[in-house]
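> return atomic coordinates for the entry below.
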Amino acid sequence: MRLPRAPHRALLLCVAAAALAACSGAGSVSADRPPGAPGARGSSPSVTADARRSVVTFAGASPLGAEDVRRTVDRMRARAKALGLGDVRVEGRAGGVTVTGRTADEKSLTDLGASGRLGFRPVLAEETVGATPAPQPSPSATATHGRAVTEGLRPRAAGSASASAGPGTPGGDASDAALQARFAATDCSARERPAAETEATARDSVVACGTDGGGTAARTKFALGPTAVDGAHVTSAVSVRDTQSGGRLVRLGFDSVGARQFSALTASQAVNTPPQNELAIVLDGVVISAPSVNQRLDGGTVDISGGFTPASADRLAATIGSGALPAPVSVTDVTRLPGT
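Below you'll find the model as predicted:
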């Protein structure tokens, strides 16, 4: 059973892997055109916008080993396949990976290289820090909204989140003090993602950012405990129809280890007071959603819903379902092929 719908905050999701379209069209020559005109006999064939090609090169901070290259290629191909892309070529190169596709989709091609690191962390503290214009959904957007609506996960009541519940207590150890200092210094403005937190390990407490889903899309900062359930234990991620709203949601399935860990996490969170009764779903250092927990959750599945279009739900499912890349990569070069 799922909880009845109720208004609540939906947090910014920096999602990797935007939708791509298949390449179509070809160069053509017209006998009707005068000599020398574009596409005329004796001149170079014209290239339609859909036929133009680009090559995006990815590399790690240090050259990727052969096994990391192989796994990165496999995951990028899985993302492309999950999105139904038939004209994107992913190839391993010495120490890196190249992706070839339509020039019109260069931004989408780069999004295939998103890390895809997913984790579930307990919330220690949170604070609303400002307001920005609400993002408008578009086919090329890299931000979407999500919320967890699985049974037992309740939306936060307005005003329940408070900075007064700090990430540590006075007189705590040095790690508490350091986390408090980072939390106080973070303002989450202008899509800020605390740089030090993106490289944190699962054992670290971190500071992360998100936004709510209201009309003002207020920015929110979180202090989060160590990862309690790693995304490596997610065995499936599918985009399905939300039978309550008619929209889309992303359904995650856990393996036996992940199901046990998620059950233990929700049991420990359910007995806490806000905001420490919330759990954060974190993708690539950004909080997707932070629902409150009112009971232990068993069963091994979680639904993430709210504001998804079919395309954005498909992108999220493809990114999570393919698994995280073995090592972070970044774009080092974008080349438009000759004649395009």
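> can we go C-alpha only for contacts and neighbour counts from here?
Fine.
> distance of the nearest residue to A264 once chain neighbours are set aside from S268?
Nearest non-adjacent residue to A264, counting by C-alpha to C-alpha, 6 or more residues apart in numbering: R296, 7.4 Å away. Separation of R296 from S268 (C-alpha to C-alpha, to the nearest Å): 8 Å.
> can you check S205 too?
17 Å.
> ditto for V334
47 Å.
> cool, K81 as well?
Taking C-alpha to C-alpha, one finds K81 at 38 Å from S268.
> do E106 as well
Distance of E106 to S268, given as C-alpha to C-alpha: 44 Å.
> same deal with P328?
For P328 relative to S268 (C-alpha to C-alpha), the value is 32 Å.
> those two: which is more packed in?
When neighbours are counted by other C-alpha atoms under 10 Å, P328 and S268 differ, and P328 comes out ahead with 19 against 16.
> check what pLDDT T211 gets.
Note for T211: predicted pLDDT of 57.
> surely the residue nearest to A264 is in contact with N277?
No: R296 is not in contact with N277 according to C-alpha atoms under 8 Å; the separation is 11.4 Å.
> low-confidence stretches in the stretch 201-340 of the chain?
211-218, 305-307, 339-340 (pLDDT under 70).
> can you do 50?
Counting by pLDDT under 50, the stretch 201-340 of the chain shows low-confidence ranges at 212-216.
> what's the answer for the stretch 51-200 of the chain, then?
In the stretch 51-200 of the chain (pLDDT under 50), the answer is 132-165, 169-172, 195-196.
> at 80 what do you get?
Where the stretch 51-200 of the chain drops to pLDDT under 80, the residues are 51, 84-86, 104-105, 107-108, 129-175, 189-200.
> hey, where'd the helices end up in it?
For the stretch 51-200 of the chain, the helices defined by DSSP state H, counting those that start in this stretch occupy 66-82, 106-111, 174-185, 195-198.
> what's the single longest strand in this structure?
Secondary structure of the chain per DSSP state E: the longest strand is strand 118-131.
> just want the angle from that strand to helix 174-185.
Angle, strand 118-131 to helix 174-185, by axes from the mean of the first three to the mean of the last three C-alpha atoms, to 10 degrees: 40 degrees.
> just checking, L109 touches G101?
Yes: here L109 reaches G101: they are 7.0 Å apart, a contact under C-alpha under 8 Å.
> doesn't T227 fall inside a strand?
No: with DSSP: H, G, I helix; E, B strand; the rest coil as the criterion, T227 is assigned coil and is not in a strand.
> tell me who's in contact with it.
Contacts for T227 were tallied using C-alpha atoms under 8 Å, 6 or more residues apart in numbering; they are 119-122, 202-204.
> for it, give me phi and psi.
phi -60, psi 130 (degrees, to the nearest 10).
> distance of it from L279?
Using C-alpha to C-alpha, T227 is found at 10 Å from L279.
> shared neighbours, those two?
By C-alpha under 8 Å, 6+ apart, the residues touching both T227 and L279 are 120-122.
> closest to D303 out of these?
For the shared contacts of T227 and L279, the residue nearest D303 by C-alpha to C-alpha is F120; the value is 13.4 Å.
> bridge partners for the closest one, pull those for me.
V229, I281 (DSSP bridges).
> for it, give its distance to T57.
Distance of F120 to T57, given as C-alpha to C-alpha: 31 Å.
> which residue packs closest to R251, ignoring adjacent ones?
D303 (4.5 Å).
> phi first, then psi, for that neighbour.
The phi and psi values for D303, taken as degrees, to the nearest 10, are phi -100, psi 130.
> I'd say it and V250 touch.
Yes: with contact defined as C-alpha under 8 Å, D303 counts as touching V250 (5.7 Å).
> which one of the contacts of T227 is nearest to G323?
Minimum distance to G323 across the contacts of T227 is 11.7 Å, recorded for G119 (C-alpha to C-alpha).
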